[in-house]
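>>> no sequence on this one, just coordinates:
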DNA sequence: TACTTTTATACAAGTACTTACCCTAAAGTG
DNA sequence: CACTTTAGGGTAAGTACTTGTATAAAAGTA
């Protein structure tokens, strides 16, 4: 899971900084490109690993697994593996993870507003996003 | 501003993906560790470069400038430089940038909730965040 | 037996992000 | 002249992120 070196002064400041800025705390948990996207797709309910992979085609398996593990470690989702062959693994948001719903929905709303102003995007593109 | 290579297939997929997931669109604009933090601090009004630097001690000047330029290029904020010596430069959210207010406030709310459950954080830490 | 399916893991290589350190302009002040 | 201030730019180095490719286990099916 690529341990992060915490020796630098600035790295330490990063973690102290959330005293002044709650957003910093959030970014420590769900910062990066993929985590909010994964969480968003789990808002509508538990999903199997393979379902997530299909839903987010642009992500590599490596990234998907890696971020799922980090999100699990941060207690934003739980992993449940049924001992069958072939494996059957589902990922589910914890209450903490579900608490991000307003954040993720606000993002979706903003994206829709922005795209309404973007002439390159048609109304067809805006239909049918999860909730 | 470190141009990003857009040649890989997956990179292209990243940009196509927002057809299916509005959150992807958002992450293309404000993904990464620092951008939401910068935007959050601009919610309360225009700020000088040096004010931002003071408000976000954990960021390096390089990162701050780099992200400010990217946010400006993405039309989330505007830069205004007064031709005086020493320089006087202010950064202000555009309407698009202001549109992120619900997102950033939702983040702040979530962070506060999470920290209430965290015994290592005292109530004192929760006081006085911008809005 | 060979092949499929699902959920991964390992390793090498490439790309992007972040930091550290040093430098500039131009006016004002001692 | 020397020194301060503000808003950055330049370069090099280190760290993290991302991809590509190869591999596995174990039951079921052809």
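That came through, no problem. Treat the numbers as computed from the prediction; the structure is a model and nothing was measured.
>>> which intervals of chain A have sub-threshold pLDDT?
A:1-20, A:118-131 (pLDDT under 70).
>>> now the helices: where do they sit in it?
A:9-16, A:22-30, A:35-42, A:49-55, A:61-73, A:95-98, A:101-116 (DSSP state H).
>>> right, is stretch A:44-53 up against DNA strand C?
Yes: Stretch A:44-53 comes into contact with DNA strand C (Cβ under 7 Å from any atom of the strand), by way of A:48-50, A:53. Placement of C-beta: from N, CA and C, glycine included.
>>> export the residues you listed to JSON lines and tack on neighbour count?
As requested, the residues of stretch A:44-53 next to DNA strand C are exported to JSON lines (neighbours: other Cβ atoms under 10 Å in any protein chain shown):
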{"residue": "A:48", "neighbour count": "13"}
{"residue": "A:49", "neighbour count": "18"}
{"residue": "A:50", "neighbour count": "12"}
{"residue": "A:53", "neighbour count": "15"}
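>>> For those residues, work out which two are farthest apart.
Spatially, the most separated pair among the residues of stretch A:44-53 next to DNA strand C is A:48 and A:53, at 8.8 Å (Cβ to Cβ).
>>> picking that back up, out of the helices of chain A, which comes closest to DNA strand D?
helix A:61-73 (3.4 Å; Cβ to the nearest atom of the strand).
>>> which residues are contacting that closest one?
Helix A:61-73 is contacted from outside by A:1-2, A:32, A:34-35, A:38-39, A:49, A:52-53, A:56, A:77-79, A:91, A:97, using Cβ atoms under 8 Å, 6 or more residues apart in numbering or on different chains.
>>> how about a cut-off of 6 Å?
A:1, A:34-35, A:38, A:77, A:79 (Cβ atoms under 6 Å, 6 or more residues apart in numbering or on different chains).
>>> Now those residues in a markdown table, please, with extra columns for neighbour count.
Below are those laid out as a markdown table (neighbours: other Cβ under 10 Å):
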| residue | neighbour count |
| --- | --- |
| A:1 | 9 |
| A:34 | 22 |
| A:35 | 21 |
| A:38 | 25 |
| A:77 | 24 |
| A:79 | 13 |
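>>> Could I get the contacting residues of residue A:90?
Counting by Cβ under 6 Å, 6+ apart, residue A:90 has contacts A:46, A:48, A:80.
>>> How about the last one: what's its closest non-neighbour residue?
Spelled out, it's residue A:80. In space, and not counting its chain neighbours, residue A:80 is closest to residue A:90: 5.1 Å by Cβ to Cβ, 6 or more residues apart in numbering or on different chains.
>>> do you know how far the one you found is from DNA strand C?
Here residue A:90 is placed at a distance of 7 Å from DNA strand C (Cβ to the nearest atom of the strand, to the nearest Å).
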